[in-house]
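> Sequence first, predicted coordinates after that:
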Amino acid sequence: MPAYGPEPETNGGRQKGILAATFLILALSTSYLPASVQQRIAWSMRVTILVPFLATQDRLTVAQLNARDVGGLMRQLDSMTALSSTRAVLVEENRDLRELLGLADRAEPSFLPATVLRPGTQGSERFFFVDVGRAHGIYEGASVVTQDGLVGKILDVREEISSGMDWTHPDFSASAMLQDGSMFGLVENRPGDFREVDRLVFDGTAYNEEALPGTVVLTSGFGGVYPQGIPIGVVDEVEDTQGGWRKSYYLRAMVQPGSVRHVLVTRRPAEADVSALWLADSLQAMEPASGEGRRP
Amino acid sequence: MRTDGRVWVLCVGLALAHLLLHVGLAIGRAAPDLLTVALLLGAREIGMGRAAGLGLFFGLLEDALSVLSFGANSVAMTVVGALGAVTRDLFVGDSLLFLVSYFVIGKWTRDLVHWVMVGESLRAPFVEQVVVQGLIGGLYAALVGVLLLGIPGLGKGAQV
C-alpha cells in the first residue's frame, strides 16, 4: 500500500504562490526606494485616486470654519478694521521706506493662511497637508503656526498642496530660548507610553540657571529653520538633571496639533524676529488656556 | 452577478467607504479599518496571488498619505492578503467564532507588521499601537465584517 503523502501541488497553486511572493517583494522594495521616488508615487496617488477624498475634507473643514462663531469673528474683524485704519498711513510710509532702502529681501517673513487636512489613516497621525504650495511661495522647511504658537514645519512642497509634520513627530526639534532670552536650548518631542501623553521637553539648558514654571519658551532662530520668536510652550516642571551640568524641562505646548484646522505658513526663509506678532499680553493671555496656568 | 464579481464590488465599495470616512470626513480611529476588512473578505475568495496584489494596492493607498513611513502599510497589507488567502486551505468554516477570530487576528497581524516595518524612530509604543489599538481595532473590524457577511447577497458572495 503506498504511503500517505502530501497532496500534489497544482500548477495553479504554484503560480499563485509565485505571484504573491512577487507582490511581497515589490511591497518590501517600496520601503527602500529613494525618498524622491516614494514621494512621486505618493503624490501620483494623491492627485488621482485620493483627490476626491482630500477635496471633501478640505470643503468640510472650510465649511466648519465658516460656521464657527460668526459673531466672534465679526467682532474681531471690526476691531481689526478700526486698528488697521489708524495704521494704514504708517504701513504705507514703512513700505515706501523699505522700497527706498531695498529691504524687501531682508524683511520679516510673510505668512499665508492655509487649511489643514489630516489624512486620518494609520501611520499618518503626525502629518498634515495644507492647501497651499509652491505656487503660493511655500518652501520646504517653512514654519507652520497658529495664533497660539508653533504647530510644526513643512516637509514636502508641491504646486498647490504641501505636507508637513507637527511637533508630536519624534523627529521634531527646534532651537529655543526663554522669552527674555536668558536661557537657550533645544525643544524636542518626548513620546509617552500613549500618543496622548507625548510631551515637549526643553533640553540642553545650563544647570546653574533655572527656568521658572510658567515662563514662555520661544523659537530662538538658531539653525535657520524657525524664525525667532514663535511661542512653543510654557515651562511646566523639571524633567531631568544630568551630571550637575545640564537640565531639561517639560513644557506645556501652546498648540495641540490635533485640534488645529487653520494655520499660517511662512512664505520666505526667516531670519527676522517675529515675536512682535505674538504680543506679550497675548502670550500671557494664552498661558491659562494652554494648561493649568502659571505656577507660583 | 458572478460570485467573483460580487467580491470585487464589495472590496471596492469598502475601500471607498474607508477613504471617505478616514480621509474625506477625517473621523480617524472612530471609523473601522474597512480596508483591512475588505482585504480579509476578498482574500478568501480571489486566491493568494491576487489577494497579495490587492493588499499591495490598498497599502500603497495608505502609504500615499504618510510621509516618512512609506512602504510600511504596503508590506503589512500584502502580508495580510497572502495569509488571508492561505487560511482558506487551512480552515474551512463559517461559525461566528471562526469569523471573529479571522478578522481579529487579521487586523492585529496588519498592525503588528506595520509596527515592525515603520521603523524604530517613528513607531508608536508597542503597548499602544499593537496591544491596545490592534486588539480594539481587530474587534471593531470583526464586528463590521460579521455584520457585512450577515447582509443577504453579500454574505454569499464573500463567504468566509
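Okay, I see it.
> drop to CA atoms for contacts and neighbour counts, all remaining ones
Will do.
> Would you mind finding the longest strand in chain A?
Across chain A, the longest stretch assigned as strand under DSSP state E is strand A:231-242.
> in it, what counts as buried?
For strand A:231-242, a neighbour-count test (16 or more other CA atoms under 10 Å in any protein chain shown) marks A:231-238, A:241 as buried.
> Next: stretch A:140-151.
Of the residues in stretch A:140-151, those buried under the neighbour-count criterion (16+ other CA under 10 Å) are A:140-151.
> so which of the buried residues of strand A:231-242 also contact chain B?
Near chain B, judged by CA under 8 Å from any CA of the partner chain, there are no entries from the buried residues of strand A:231-242.
> what would the buried residues of stretch A:140-151 look like in JSON lines with secondary structure?
Formatted as JSON lines, those follow (DSSP: H, G, I helix; E, B strand; the rest coil):
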{"residue": "A:140", "secondary structure": "coil"}
{"residue": "A:141", "secondary structure": "coil"}
{"residue": "A:142", "secondary structure": "coil"}
{"residue": "A:143", "secondary structure": "strand"}
{"residue": "A:144", "secondary structure": "strand"}
{"residue": "A:145", "secondary structure": "strand"}
{"residue": "A:146", "secondary structure": "coil"}
{"residue": "A:147", "secondary structure": "coil"}
{"residue": "A:148", "secondary structure": "coil"}
{"residue": "A:149", "secondary structure": "coil"}
{"residue": "A:150", "secondary structure": "strand"}
{"residue": "A:151", "secondary structure": "strand"}
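> which residues touch the most centrally placed residue in chain A?
Nearest residue to the geometric centre of chain A (CA atoms, centre = their mean): residue A:152, 1.8 Å. By CA atoms under 8 Å, 6 or more residues apart in numbering or on different chains, the contact list for residue A:152 reads A:143-145, A:164-167, A:172.
> returning to what we had before: need the contact partners of the longest strand of chain A.
By CA under 8 Å, 6+ apart, the residues outside strand A:231-242 that reach it are A:148-150, A:200-201, A:207, A:211-219, A:247-255, A:275, A:278, A:283, A:287.
> same check, this time on stretch A:113-122
Contact with stretch A:113-122 is made by A:54, A:57-58, A:61-62, A:125, A:127-132, A:260-265, B:22-23, B:26-29, B:62, B:65-66, as judged by CA under 8 Å, 6+ apart.
> same thing but at 7 Å, please
For stretch A:113-122, the surrounding residues in contact (CA atoms under 7 Å, 6 or more residues apart in numbering or on different chains) are A:57-58, A:127-132, A:261-265, B:22-23, B:26-28, B:62, B:65.
> now, which of the residues you listed lie within strands?
Of the contacts of stretch A:113-122, the ones assigned to strands by DSSP E are A:127-130, A:262-265.
> Also near chain B: which of those, exactly?
Filtering those for proximity to chain B by CA under 7 Å from any CA of the partner chain leaves residue A:127.
> Filter the ones in strands among the contacts of stretch A:113-122 down to just the buried residues.
Buried by 16+ other CA under 10 Å: A:127-130, A:262-265, out of these.
> Beta-bridge partners for the nearest residue to residue A:211 once chain neighbours are set aside, please?
Nearest residue to residue A:211, sequence neighbours excluded (CA to CA, 6 or more residues apart in numbering or on different chains): residue A:235, at 7.0 Å. Per DSSP bridges, the residues bridged to residue A:235 are residue A:251.
> what about the nearest residue to residue A:130 once chain neighbours are set aside, which SS state?
Take residue A:130 and drop its neighbours on the chain: the residue closest to it by CA to CA, 6+ apart is residue A:116, 4.8 Å away. The three-state label given to residue A:116 by three-state DSSP is strand.
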